[in-house]
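Chemist: Here's my sequence, what's the structure:
(chains A and B)
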2 protein chains.
Amino acid sequence: MSRIDDYLAAHAARFEDDLCAFLRIPSVSADPQHAADVAAAARWVADQFAGLGFAVEVIPTKGHPLVFAQSPTVPGAPTALVYGHYDVQPADPLEKWITPPFEPTRRDGNVYARGATDDKGQMLTHVKSAEAWIAAEGRLPINLKYIIEGEEEVGSMALEEYIAGHAEKLRCDCVVISDGGQFAPGIPAITYGLRGIAYYELRLKGPNRDLHSGSFGGSVANPANALAQVLGALIDDQGRVQIPGFYDDVTPLTPREREQFSQLPFDEQRYFEQIGVAVGAGEAGYTTLERRWARPTFDINGLWSGYQGAGAKTVLPATAGAKFSFRLVPNQEPSKITAALKWRLAELCPPGIEMELIDFHNSPGVLAPLESKYVEAAARAIERAFGRPPVFTREGGSIPIVAAFHEALKADTLLLGWGQDDDNTHSPNEKFSLADFHRGIRASAQLWAELADLGGK
Amino acid sequence: MSRIDDYLAAHAARFEDDLCAFLRIPSVSADPQHAADVAAAARWVADQFAGLGFAVEVIPTKGHPLVFAQSPTVPGAPTALVYGHYDVQPADPLEKWITPPFEPTRRDGNVYARGATDDKGQMLTHVKSAEAWIAAEGRLPINLKYIIEGEEEVGSMALEEYIAGHAEKLRCDCVVISDGGQFAPGIPAITYGLRGIAYYELRLKGPNRDLHSGSFGGSVANPANALAQVLGALIDDQGRVQIPGFYDDVTPLTPREREQFSQLPFDEQRYFEQIGVAVGAGEAGYTTLERRWARPTFDINGLWSGYQGAGAKTVLPATAGAKFSFRLVPNQEPSKITAALKWRLAELCPPGIEMELIDFHNSPGVLAPLESKYVEAAARAIERAFGRPPVFTREGGSIPIVAAFHEALKADTLLLGWGQDDDNTHSPNEKFSLADFHRGIRASAQLWAELADLGGK
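Modeler: Next up, the predicted model:
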């Protein structure tokens, strides 16, 4: 790798200049006035790949275009699919930016601009790593595919459809995504698992109109009472979801995972202080990180019924409703959860109440086993570039596009975030550490070597 | 009573004319533009009493005046306190009235006008009955006091204060109120019991702001979950309130009451059809009328938390709240219920949740025992006037002014409604049956005789 390292060192300043050129394009996908800028960013990305001699397509969609690129074939070598996005969040409130959002500015070792970390800077590391290989070694050691979208900040609608329809074209041994953060400054991380989600709305109907609670109360089912009883019965006082078979398919935490989580420098007290609670809560028998990352949940997201104004109104409401969701963990199947939920709700629904369940959206959890050779290869690559091995983390949220890749391609996803918690993602003064930018390029270049060593499937 | 009956017959037309004169005064207490009309109605009422030779006071308040009148003392005879109100509801929507609301019109045996049944017509029966005694017999057989207010439709604030401060002045053997309805056409009723109420707002606080349910869910108590669990645990699946000692002081239904309720011509199927429910619900072991009239309840009146808009939002809400109330039955003490509720809520409140209970207002239930000699006297009086004995009913709602009389005077209250369900109280085309008006006057005159027969305390 010494020739590649030399190339990275020699071209570091130009890489930063290229990043700044990219950041100057205000590719705000949510704002129709920036449509031409979004298209310009897509072309800028496509030009990068064309400059490397890759086959490139700018694929029109109902929304903003996808950029797909493919390196020259290396027979017998594995294939990595890099995902990223060239669109950015709106920049407002503009007055809170120290320097303008689309005039990238280097200070204190960072580059400040909208999109610096999310995701232009991070995504570009995987392009510059390919450039370094080609320039320094004359060739890439593996097959690389890139799918770079322009709608991540507005829902990835076009990409989800494209993935479902083009599994063969996107086929790969692993998916590589850098669109997140390290565990802490100086502590790089591999996020090897995500929770899924199943989100519902429940509507309960009692009498045909709001009734006087004095004249009628006690003789007719109250849908607000029923809602409290039904929802209250979906979880017990140990934090366990009370739906038949809910835990049957849960992939349990391994002793190795639990040990690794427990070793992370996670300040639980500070975590609770920041969100303003005196104590934690959740499923009995699990730590806070385990509860956040690797255990399923039931959370009511919204509740409504009857009178919500000031003072008292003696109404027996005609209807009541709730939005609620389960965070799912790998191997829980959303459709199976929905079926069991419906059975449980029917069991709980009291006489005199009509119930309607609306199944909003769902997405399964995703897990790349810690023992995956791709995870191990990424860990070695990161250790080389960052000077210390990464920690292995999971994430409590859901990234539907990762689930979509997993569903269509059945390949492990490597979530290699180069960012930091204080990068001001989606906020004014977004930044990206230039040291992390260069470490990310180096880790990416190293990853291609490590993957090559694994050989093809 | 034959001289009195003769007098009632001879003056029936003039009584109707007097009622129409009263109804012509648009004494809308809620509307400041009608303040002079409200004052005129008070004077009209005072003049009625003055014409009978009663001592009369028009008592100014912060709001509309009270009219207090007292008949000449009859030593050794019991005292009845008549309550009524001379104010009326607003008349809108005006366009829905067949004849104008303040131009009383006789048709189909009814008088149509705002206030006809609520409460000018009903209240006046107890004035005209006194007139008949004085004119026909030269004297009243008992002592009568009248307290007629002008704020019933806007909350009775001044009267509640007045009662608390003037118990000695208002002292009586029984309170007589005609401001309600018969059980059905041709079936007069004595309402001998009212439920009370205890109304609360519960506020739950979790984290210091709304959190992402993916990143945080499962590790921190969710106040909406807690609300469902807490409220759901306040009532069991048999409809029994789960608060320690909640039923301890409940005056049980007597076999006689249950028998009488079961004999009432109550069409349960029609009741459920009208409110649009397939089946009833409520406390196990009781009939629909028993549940409505004589058993305590728990009803959630309002619920709110998190996201109530369209679609899905993956929020773990910072707060959740509810308004809820218990309908209380006679002998349940609101302050004791509040204390037990607080104990129970503290027991149910999960770790990580802060709870605040706001005690809005309460009022105890009221019961005049069926065996009360005053109830029996009223029953005899009604039977004479209406040609059939009244049924004995209770009412599920609360009338705070009745509780206030009960609290201050410790006297039984006779609720003798002369109205009908279809009188359009508070609606366009309010009416009062002229036959009921005259029967009410006769029943009232008879009641004075029946009470006289009981002698003083």
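
Chemist: can we go C-alpha only for contacts and neighbour counts from here?
Modeler: Noted.

Chemist: Tell me the pLDDT of the residue nearest to residue A:420 when sequence neighbours are not counted.
Modeler: In space, and not counting its chain neighbours, residue A:420 is closest to residue A:181: 4.9 Å by Cα to Cα, 6 or more residues apart in numbering or on different chains. Residue A:181 is assigned 93 on the pLDDT scale.

Chemist: same deal with residue A:393?
Modeler: Predicted confidence (pLDDT) for residue A:393: 96.

Chemist: wait, does the helix or strand where it lies make contact with chain B?
Modeler: Assigned by DSSP states H and E, residue A:393 belongs to strand A:391-395. Yes. Residues of strand A:391-395 are located near chain B by Cα under 8 Å from any Cα of the partner chain, namely residue A:395.

Chemist: Show residues contacting that strand.
Modeler: A:183, A:187-195, A:260-261, A:264, A:292-294, A:370, B:215 (Cα atoms under 8 Å, 6 or more residues apart in numbering or on different chains).

Chemist: what do you get if the cut-off is 10 Å, keeping everything else the same?
Modeler: By Cα atoms under 10 Å, 6 or more residues apart in numbering or on different chains, the surrounding residues in contact with strand A:391-395 are A:182-183, A:187-196, A:257, A:260-261, A:263-264, A:289-290, A:292-294, A:366-368, A:370, A:375, A:379, A:415, B:214-216.

Chemist: Output stretch A:49-60 as PDB - backbone C-alpha positions only.
Modeler: Taking C-alpha atoms only, stretch A:49-60 is exported to PDB below (Å, rounded to 0.1, in the frame of the first residue of the first chain):
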ATOM      1  CA  PHE A  49     -16.500   8.300 -12.300                       C
ATOM      2  CA  ALA A  50     -16.000   9.000 -16.000                       C
ATOM      3  CA  GLY A  51     -12.500  10.400 -15.100                       C
ATOM      4  CA  LEU A  52     -11.600   7.100 -13.600                       C
ATOM      5  CA  GLY A  53     -12.600   5.200 -16.700                       C
ATOM      6  CA  PHE A  54     -15.800   3.700 -15.100                       C
ATOM      7  CA  ALA A  55     -18.900   3.000 -17.000                       C
ATOM      8  CA  VAL A  56     -21.400   5.600 -15.800                       C
ATOM      9  CA  GLU A  57     -25.100   6.100 -16.200                       C
ATOM     10  CA  VAL A  58     -27.100   9.100 -15.000                       C
ATOM     11  CA  ILE A  59     -30.500   7.500 -14.600                       C
ATOM     12  CA  PRO A  60     -33.600   9.700 -14.800                       C
END
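
Chemist: The stretch 351-457 of chain A: helices as residue ranges?
Modeler: A:373-386, A:400-409, A:434-454 (DSSP state H, counting those that start in this stretch).

Chemist: Likewise for the stretch 1-150 of chain A?
Modeler: Using DSSP H, counting those that start in this stretch, helices in the stretch 1-150 of chain A cover A:2-10, A:12-23, A:35-51, A:121-137.

Chemist: ok, the residue nearest to residue A:420 to residue B:87 distance?
Modeler: For residue A:181, the distance to residue B:87 (Cα to Cα, to the nearest Å) stands at 70 Å.

Chemist: show me the residues around the residue lying closest to residue A:37 once chain neighbours are set aside that make contact.
Modeler: Counting by Cα to Cα, 6+ apart, residue A:37 lies nearest to residue A:27, which is 4.9 Å off, once chain neighbours are set aside. Contacts for residue A:27 (Cα under 10 Å, 6+ apart) come out as A:33-42, A:86-90, A:102, A:114-115, A:150.

Chemist: Which of the residues you listed are buried, as a ChimeraX select command?
Modeler: Burial among these is assessed by 16 or more other Cα atoms under 10 Å in any protein chain shown; the matching ChimeraX selection reads:
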select /A:34,35,37,38,39,40,41,42,86,87,88,89,90,102,114,115,150
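
Chemist: if we can go back for a sec, most tightly surrounded among the helices of the stretch 1-150 of chain A?
Modeler: Among those, ranked by average contacts under mean count of other Cα atoms under 10 Å in any protein chain shown, first place goes to helix A:121-137 (a mean of 23).

Chemist: quick one: the helices in the stretch 151-300 of chain A?
Modeler: Going by DSSP H, counting those that start in this stretch, the stretch 151-300 of chain A shows helices at A:157-165, A:167-170, A:223-232, A:255-263, A:268-275, A:288-293.

Chemist: Just say which of the ones you listed is most tucked in.
Modeler: Here the criterion is mean neighbour count by mean count of other Cα under 10 Å, and of the helices of the stretch 151-300 of chain A the winner is helix A:223-232, at a mean of 27.

Chemist: May I have that helix as PDB, with CA atoms only?
Modeler: What follows is helix A:223-232, C-alpha atoms only, in PDB (Å, rounded to 0.1, in the frame of the first residue of the first chain):
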ATOM      1  CA  PRO A 223     -63.500   4.300  23.300                       C
ATOM      2  CA  ALA A 224     -60.900   6.300  25.300                       C
ATOM      3  CA  ASN A 225     -61.100   3.900  28.200                       C
ATOM      4  CA  ALA A 226     -60.900   1.000  25.700                       C
ATOM      5  CA  LEU A 227     -57.800   2.600  24.100                       C
ATOM      6  CA  ALA A 228     -56.000   2.900  27.400                       C
ATOM      7  CA  GLN A 229     -56.900  -0.700  28.300                       C
ATOM      8  CA  VAL A 230     -55.900  -2.100  24.900                       C
ATOM      9  CA  LEU A 231     -52.600  -0.200  24.600                       C
ATOM     10  CA  GLY A 232     -51.800  -0.700  28.300                       C
END
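
Chemist: wait, what's in contact with the closest residue in space to residue A:3 that isn't next to it in sequence?
Modeler: In this structure, residue A:3 finds its nearest non-sequential neighbour in residue A:136, 5.7 Å apart by Cα to Cα, 6+ apart. By Cα under 10 Å, 6+ apart, residue A:136 lies in contact with A:1-8, A:130.

Chemist: any idea which of these is closest to chain B?
Modeler: Of all these, chain B sits closest to residue A:130, with 33.1 Å by Cα to the nearest Cα.

Chemist: Please list all residues in contact with the closest residue to residue A:131 other than its chain neighbours.
Modeler: Of all residues not flanking residue A:131 in the chain, residue A:52 sits nearest, at 6.4 Å (Cα to Cα, 6+ apart). With contact set as Cα under 10 Å, 6+ apart, residue A:52 has these partners: A:71-72, A:127-128, A:130-132, A:134-135.

Chemist: can those go into JSON lines with extra columns for distance to residue A:94?
Modeler: Listed next are the contacts of residue A:52 as JSON lines, based on distance: Cα to Cα, whole Å:
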{"residue": "A:71", "distance to residue A:94": "39"}
{"residue": "A:72", "distance to residue A:94": "43"}
{"residue": "A:127", "distance to residue A:94": "30"}
{"residue": "A:128", "distance to residue A:94": "30"}
{"residue": "A:130", "distance to residue A:94": "35"}
{"residue": "A:131", "distance to residue A:94": "35"}
{"residue": "A:132", "distance to residue A:94": "36"}
{"residue": "A:134", "distance to residue A:94": "40"}
{"residue": "A:135", "distance to residue A:94": "40"}
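
Chemist: can you list the residues you listed in CSV and add distance to residue A:13 and pLDDT?
Modeler: Output for those, formatted as CSV (distance: Cα to Cα, whole Å; pLDDT from 0 to 100):
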residue, distance to residue A:13, pLDDT
A:71, 25, 98
A:72, 27, 97
A:127, 15, 98
A:128, 12, 98
A:130, 17, 98
A:131, 14, 98
A:132, 14, 98
A:134, 18, 98
A:135, 16, 97
